[in-house]
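Enquirer: just to be clear, the model below is a prediction. Sequence and coordinates:
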Amino acid sequence: MSTSTVSTNTLNASTSVLLDGRLEVVHAGIDAVAEAPRSTGATVTLVDFEPPSGGDPRRMTLLSEVLSGPMAPEIDAANARALARLLASRPHLVGIGIARDVIPGMAEDLFLHAGPPVTWERMCGPMRGAVIGGLLHEGRAKSVEEATTLAASGAVRFDPCHHHDAVGPMAGLVTPSMPVFIVEDRGGERAGTRTFCTLNEGLGKVLRYGAFSEEVLARLEFMRDTLAPVLSAALALRGPIDLKHLMAQALQMGDEGHNRNRAGTSLLFRELAPAIVRATEDRERAARVLEFVNGNDHFYLNLSMPMGKCMLKAAEGESLSSLVTVMARNGTDFGIQVASMPGRWFTGPALQVRGLYFPGFTEADANPDIGDSAITETAGFGGFAMGAAPAIVQFVGGSAEDALAATRAMRRITLGANSGFAIPALGFAGTPTGIDLRLVEERNLLPQINTGIAHRDPGVGQVGAGLVNPPWEAFHAALEALAEHVRAAAPPPRA
Amino acid sequence: MRTAEITNVLDEAMTPARVRTPLPCRELDPLPGPVSRASLVLDLACIFLPARTRALLSGQGGEPGSVEEMVVRWAHVRVGSIVRTLLAGDVRVVAYRPDAAALTGLGPGLTPTGDDLLVGLAAMSQRLVGGGLVEARAAVAFTTSLAGLPAGETTPVAHRLLQNASKGRFPSVLASAVEMLGNPHADPESLRTLTVHLAATGAHSGADLLAGAISLVYGVIDGEVKR
Amino acid sequence: MSTLVLVRPGCYQDSARLMQVSRELAAVPGVTEAVAMMGTETNRRLLADAGFPKAELAGATPLDMIVALRAQSPEALDTVQAALDGLLAGRGASVASGGVAAGGGRPRTVAEALEAHPDANLVSVAVPGLYAAFVAHRALDAGRSVFLFSDNVSIADEVALKRRASDRGLLVMGPDCGTAILSGVGLGFANRVERGPVGIVGASGTGIQELSCLLDRKGVGISHAIGTGSRDLSEAVDGMMTEAGLALLARDPETRCVLLVAKHPAESVARRLHVVLAKLGKPVTVRYLGEPARGAVDGVVYAGSLDEAAESAAKWVGARPSPEVAASVEPEEGPGPGQSSGQVRLVGLFGGGSLAAEARCVLAASGLETVVPAEKLSGHAPLPPGNLIVDTGDDAYTVGRPHPMVDQTVRCELIRAAGADLSVRVLLLDLVLGDGAHPDPAPELVSCVVAARAARGGRPLAVVVSVCGSRRDPQGTARQEDLLRRAGIHVASSAALAAAEAAALLPRVREEVAR
């Protein structure tokens, strides 16, 4: 039965080193067992062992299969390819278009939303609020009551942004007439890939937090009729903007690209201002656009998101890969996707955000975690680049050391680092990039996401900001599916 | 006050799931199945008892005269006393108060060892009420004594844990293990898994919770606290 | 002895960090004790009782961390203050990342530990059995050999691990591998023996310990002892690691002769191994526990006991043969009044499974049949009839508690039970010393024996103990033996000699032999 024979040449170098008198031991488990080697002269490193995958024996078997099984080297190779493509992508802002014209599969009766699929019945408050606002904005309904009836009637279809290469912050609502940024990959193997995102409305009462009051609708109209055409003309004049380059600079100026976008917004403003002035005849119109961008510290978020999506699209579809390509929430469910199984959602309940609240609000007001913005962490910035943004750690109450530690911790679950996104305070180390589902499970460590907190009722808006993790259920489900996918791809055992 | 709150939020957020405090709590399953002395005996052979738990159960651990040794010895005496009082069926809250007060805030950790032991004991006492091995009113008296422990005697996290326990809510890692103990239908593998899982909670909180629970089991089996 | 109490106000640390701080401070030279606890009233009282100045503890609240230190000199405490500041400053870093890369704190997974220590060449695994295969596979993933101390690993997992290791030219020593000595470094339970020309491959931990100690007593050293795990020579595992170990020793320039020790090999495996051994190119002696001597077959010596195997290896490397030690004891008094001679019997209580097997074999050779009880024995129930040999290191006795080499509680209970049984006249025990074993087992064993004898109303109980220990073992082998002798216990230098002595002490054997 056994294939082993006494062939001394099969023993590799590291084994003969065992007998060379230089024993260096890594020990996991009962500490007392390490006493013997330590007291007889070996160097011993103790591991603080904790059971992998939460200690569940069945999941552990699956995990062992994908980490150490016969297909593991193939998975490692697939991950290396997926990560290389992710890192090689060069997303550029190339233009602004109207959703119905540019987003693939967009239709007049289709509303896109954040996160995995969700029905009207299961939608959370802010998401419903955004749908109501969207119906009013599209002129499909005249009143809130009418919009509510219409939404429940099935007159509009709902589909995740991610099914259409788009992403949206918070509720992430995209209706057919909304203007969207067009981001295009200008480098690597997947050049030409396009991703989309609406334009950022600013803070306070906004549609993405489920608000639909007069001022919200008026702003949406301004964005459609003034902001988008002006920016579009300016972009045409200036030419595409290299977003990765811009992001790299922003990271060195205290942004992390998710909860802090002040530097990114300023850099974008600098890039666009001359072109806006040149492309706009009406000076007042140009000024209003410049004021709007300048007055909204999060304007750049709606570019960092489609940039992240564009990078991750490059990794998507790599068979056997365990790299996580999507993390997204609809306020009810949290869903993730994995490179080797594009389009397939693995979900769990969206969790409560741990954070600080604006005066007058408490945890009781908070909606569970919502939005596609976790694409930033998935692509290796946002919460993963916390070390670059000490300012916002202060905002959620921590120290600069905590920020650096958070970034280092994420390196434990990622396949590599993005040397293009360097963090000065970490000796210009790249941001941790490419979440490996297997490492999350092995190390019992979930990705950390920075996020805003929406009020649980429609129409109220943002009530705070903080930190959140995905639910374990999503990762556990993805692990099971990955093991199945890998088994199906394995060559039949030789007889 | 505000600063402390903010630090709490961040500490929690920044801490890996394993050591995040306070632990998520839940009530015991009202009908986790019957419990019998015989299956308790069998279960003791299956469960995972880390060194820390064994030290607390035996009252022996650490160098003589060291603080660790004293913690283990003090805790052992007080836990033994609570177990005897419970098994004697004493229904007076005051009968438990001195021992509970001596345990709260005792020992290292964000939830000190003594508080973990109390919570472990409380969970197990509830569980064994179902099997008729502990008198219901005695278990109630004991858990009620926990509610009266002053907040200033221990850390805030431990205090919250005790308050939860006094309302019948226990860390779910503990609850799952306790529900499985003494259940003749429980399979040994999952019992072992659950206790391993519990033991892996926190730096030693899990081992301390387990020690509290098992002390009472030892008491029930031996008719006295095992030495 | 000096003390230092530091109170860090409002320093609300999580418990893992607290533990880490005290561990790291305890490692500062000169510091004898370091504890870090929250300043609850109970803890303040406790620390005061432990001899720390009350006044310095007074101001602490449950939100403050108290660090209490004891050191040999005031100077040692000075360095601590600085170390503490450093540790607390680095707090966030090591708590959140746990990685060595973050500076401080233990790694949380074997994979990360190996990334941080690329020169590490062996992974030692002593996690609960349920997780052991997972961890061992991760070590193989990183191209490292494994010492797998954990037991309760399924045979399927064992085969998978060893196949993979064989394919990659790595070793998986275990599961359930008690002992290995690589270049003088002990792993698991191991005795501190001199280095020398004899290489050992063993599927039995105590077998390796006994062999290495027997050789040590003869002044012969060990090059390496490679444990393979107790099931390596089963049909399913097919001796994969035994072969790998033999191959390593065949190539090792320091090893001049090879010893193989195992319990009950599967016949097919033994046959195949024989061919391997015959072609090894170095002198080989084999001891299959429980089997009779077969002499030299194709140049491979099959010894009849561990003593004989050690003697043979010593001869291979040219050591002077040691004088035969004959059992030189007088039998105890005959059966007491009111007892038939048929009731007089021997009970053997072992910590080492291989030593139990070896004893049975020797007893059988001297005409004494023994039984291994099918049921787990309890100290509270009467012992089953017959001459008993019990391995208290067996799974039935060790689930949920440490091995009897570390914790003698179970064996002590059984010694008392045997003492209370007047038909038991001879007690046969083993005592394994070395790293990993109980730090000072003789006093405890003596007190059990004294208690057992006290319960017999003056009727004698002969006790024979084989001591498995080397001259350099931390417990002090000479001292342990001396303590036993002073308690009127016969001390033998090997399990086989102890068994022979015990047989001679039992009156019944002589009667039967005479008949």
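Expert: Great, that's in hand.
Enquirer: what's the burial count for the closest residue to chain B within the stretch 101-250 of chain C?
Expert: Residue nearest to chain B within the stretch 101-250 of chain C: C:P128 (5.2 Å; Cβ to the nearest Cβ). C-betas here are computed from N, CA, C, even on glycine. By the criterion of other Cβ atoms under 10 Å in any protein chain shown, C:P128 has 22 neighbours.
Enquirer: who's in contact with it?
Expert: A:G29, A:P51, B:F48, B:R192, B:V196, C:S150, C:N152 (Cβ atoms under 8 Å, 6 or more residues apart in numbering or on different chains).
Enquirer: what's the spacing between C:G219 and A:P169?
Expert: Distance, C:G219 to A:P169, by Cβ to Cβ, to the nearest Å: 78 Å.
Enquirer: mind checking which of the contacts of C:P128 are in helices?
Expert: B:R192, B:V196 (DSSP state H).
Enquirer: nearest to C:D252, of the contacts of C:P128?
Expert: The closest of those to C:D252 turns out to be C:S150 (Cβ to Cβ; 27.0 Å).
Enquirer: leaving out sequence neighbours, find the closest residue to the closest one.
Expert: Nearest non-adjacent residue to C:S150, counting by Cβ to Cβ, 6 or more residues apart in numbering or on different chains: C:A132, 3.6 Å away.
Enquirer: same check, this time on C:G30
Expert: Nearest residue to C:G30, sequence neighbours excluded (Cβ to Cβ, 6+ apart): C:A76, at 2.8 Å.
Enquirer: which residues are in contact with the residue sitting nearest the centre point of chain B?
Expert: In chain B, the C-alpha nearest the mean C-alpha coordinate belongs to B:G120, at 1.3 Å (Cα atoms, centre = their mean). Going by Cβ under 8 Å, 6+ apart, B:G120 touches B:L174, B:D208, B:L209, B:L210, B:A211, B:G212, B:A213, B:I214, B:S215.
Enquirer: which stretches in the stretch 301-450 of chain A count as helices?
Expert: Here the stretch 301-450 of chain A has its helices, by DSSP state H, counting those that start in this stretch, at A:301-315, A:375-378, A:390-395, A:400-411, A:437-443.
Enquirer: can I assume A:A406 is in contact with A:M386?
Expert: Yes: under the criterion of Cβ atoms under 8 Å, A:A406 makes contact with A:M386 at 4.3 Å.
Enquirer: need the overlap of contacts for these two.
Expert: Taking Cβ under 8 Å, 6+ apart as the contact rule, A:A406 and A:M386 both touch A:V393, A:Q448.
Enquirer: so which of the helices of the stretch 301-450 of chain A is the most packed in?
Expert: Per residue and on average, the most neighbours among the helices of the stretch 301-450 of chain A fall to helix A:375-378, with a mean of 30 (mean count of other Cβ atoms under 10 Å in any protein chain shown).
Enquirer: contacts for that one, please.
Expert: With Cβ under 8 Å, 6+ apart, helix A:375-378 has contacts from A:167, A:256-258, A:304-305, A:308-309, A:312, A:324-328, A:382-384, A:435, A:447-450.
Enquirer: also stretch B:162-170?
Expert: With contacts defined as Cβ under 8 Å, 6+ apart, stretch B:162-170 is touched by B:22, B:25-28, B:104, B:115, B:118-119, B:122-123, B:126, B:143-144, B:146-147, B:149, B:154, B:178.
Enquirer: so what's A:H455 closest to, chain neighbours aside?
Expert: Spatially, and ignoring its direct neighbours in sequence, A:H455 is nearest to A:V463 (4.8 Å; Cβ to Cβ, 6+ apart).
Enquirer: so what's the backbone phi/psi at whatever residue of the stretch 401-515 of chain C ends up closest to chain A?
Expert: In the stretch 401-515 of chain C, the residue that lies nearest chain A is C:D435 (3.6 Å; Cβ to the nearest Cβ). Per-residue torsions, C:D435: phi -70, psi 140 (degrees, to the nearest 10).
Enquirer: likewise B:G65?
Expert: Note on B:G65: backbone dihedrals following degrees, to the nearest 10 are phi 90, psi -10.
Enquirer: wait, it sits on C:R70?
Expert: No: look at B:G65 against C:R70 with Cβ under 8 Å: they stay out of range, at 9.5 Å.
Enquirer: give me the more crowded residue out of the two.
Expert: C:R70 (22 against 11).
Enquirer: helices of chain B, start to end?
Expert: Counting by DSSP H, the helices of chain B are B:2-14, B:37-46, B:51-58, B:67-87, B:93-103, B:113-130, B:136-147, B:156-166, B:172-180, B:188-199, B:205-222.
Enquirer: who's sitting farthest from the centroid in chain C?
Expert: Taking Cα atoms, centre = their mean, the residue of chain C most remote from its mean C-alpha position is C:G59, at 47.4 Å.
Enquirer: element containing that residue, please.
Expert: Assigned by DSSP states H and E, C:G59 falls within no helix or strand.
Enquirer: where does the nearest residue to it once chain neighbours are set aside land in three-state SS?
Expert: Leaving aside its sequence neighbours, C:G59 sits nearest to C:V7 (Cβ to Cβ, 6+ apart; 6.3 Å). With DSSP: H, G, I helix; E, B strand; the rest coil as the basis, C:V7 sits in strand.
Enquirer: list only those of the contacts of stretch B:162-170 flagged as buried.
Expert: Buried positions within those, assessed by neighbour count (16 or more other Cβ atoms under 10 Å in any protein chain shown), are B:22, B:25, B:28, B:104, B:115, B:118-119, B:122-123, B:126, B:143, B:146, B:149, B:154, B:178.
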